[in-house]
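**Q** Turn this into a structure:
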Amino acid sequence: MKSRIRRLLAWCRNHPWLTVLLVVSVVSLIPLLLIEATRANAVVTVWGIFTLGLFVALVLTEQGEAIQRRAWQVDGLGFTELITFHSLDLRMLPAGAACPISPQQVAHTLSAEFGSGPAIGTSPIYALMAEMQGGSLKYSRSYNQSHYDGSWAHSKVLWMAKPGVTGTVLIRAQQIDGPPDSPQWIGFGMGDVPELALHWQITAQTGWANLPSDVRIPAPGCYAYQVDSQGTSEEIVFQVVSVD
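**A** Numbering: from 1, shown residues only. Now for the predicted structure:
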C-alpha cells in the first residue's frame, strides 16, 4: 500500500498540470454524482465533462509519448526517483542519401585538458574520435580479421560531458544507411561478445567529465550514436569507410 502511495505521489510530482486538471475534474463531477439538482445545470455538466475529457486526452497523449521512453523507478527510504531514457529512435536514411556527419571541432577548443583530435557532437556530450581522418573512420576487414577475433573493427572513443551534466548516460549506436530490418549494431568493450550499450554514471563535478571506451564496428557505413542523459537525447553521426 505504501509503495502505491509513493508511486501516486511521484506521478503527481512528474505531472503537475495533469494533477491539477484531475482535481478540477473530480471537484466538478462530484456535484453531478451526488446532488441531483446540479444535473439540470448545463454549465456544470458541460464543464465537468469537458475537464474530464481533456484530462483523458492528455493522459493518452502522455502515454503515447511514453512509448518512446523507458523508465526505471527507484524507491528508497523516503524518496522515489524516476530514471527515464528514450527508446532507440535513430533516423534511418533513404537509399543513396549522403551521411549527415555531425559537426566536429578540435577537442581542446572545448577544454584545454583534451587533445587535438576531433570532438563530434552538438552538446552537452561529445565523442572524441582521435582515429577519425577527414571526417571518417577507416575500416579494413583484412586487418581486423588478422588481428582480432571476427571482423569487427576496433576504435577508441573518449566521451566528454560538459560541466553540469550528472546522472546516468546511456549510449547506443547502429548503422543508419543499411537494411532497416537487419541493422548493424556498434558494440562496446573488448569481450568476445561486445555489449550493445554503454552505461556511464557521472557524479557531480565542476569541470568536464570523460569516459574512455572501446567500440567495435562491424562494417563500413553511416552510423549514429544515440546519447541519452536525464532530459536530453542527442544523435552523433559519423561515417566508416572501407580501405580494403
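**Q** who does the longest strand along the chain touch, helix- and strand-wise?
**A** With secondary structure taken from DSSP state E, the chain has its longest strand at strand 232-242. Here strand 232-242 touches strand 125-128, strand 136-139, strand 221-229, going by 3 or more CB pairs under 8 Å, 6 or more residues apart in numbering; DSSP states H and E. Any C-beta I mention is one placed from the backbone N, CA and C, and that applies to glycine too.
**Q** change it to 6 Å
**A** Other elements packing on strand 232-242 under the criterion 3 or more CB pairs under 6 Å, 6 or more residues apart in numbering; DSSP states H and E are strand 136-139, strand 221-229.
**Q** Looks like Gln175 contacts Tyr225 (just checking).
**A** No. Contact criterion CB atoms under 6 Å: Gln175 and Tyr225 do not qualify, at 11.5 Å.
**Q** And the protein, split by domain according to the record?
**A** 2-84, 88-242 (automatic domain parsing).
**Q** rank those by pLDDT, which is bottom?
**A** Between the domains of the chain, the one with the least mean pLDDT is domain 2-84; it has a mean of 58.
**Q** so where do the helices sit in this structure?
**A** With DSSP state H as the criterion, the chain has helices at 2-14, 16-34, 42-66, 141-147.
**Q** Spit out the contact partners of Phe238.
**A** Going by CB atoms under 6 Å, 6 or more residues apart in numbering, Phe238 touches Ile101, Tyr223.
**Q** what sits opposite it in the beta ladder?
**A** Tyr223 (DSSP bridges).
**Q** any idea how far it lies from Ile120?
**A** 6 Å (CB to CB, to the nearest Å).
**Q** what do you get for Ala98?
**A** Relative to Ile120, and taking CB to CB, Ala98 is found at 16 Å.
**Q** Between the two, which has more neighbouring residues?
**A** Ile120 (22 against 9; other CB atoms under 10 Å).
**Q** Neighbours of the residue nearest to that one when sequence neighbours are not counted, how many?
**A** In this structure, Ile120 finds its nearest non-sequential neighbour in Gln104, 4.5 Å apart by CB to CB, 6 or more residues apart in numbering. If you count neighbours by other CB under 10 Å, Gln104 ends up with 20.
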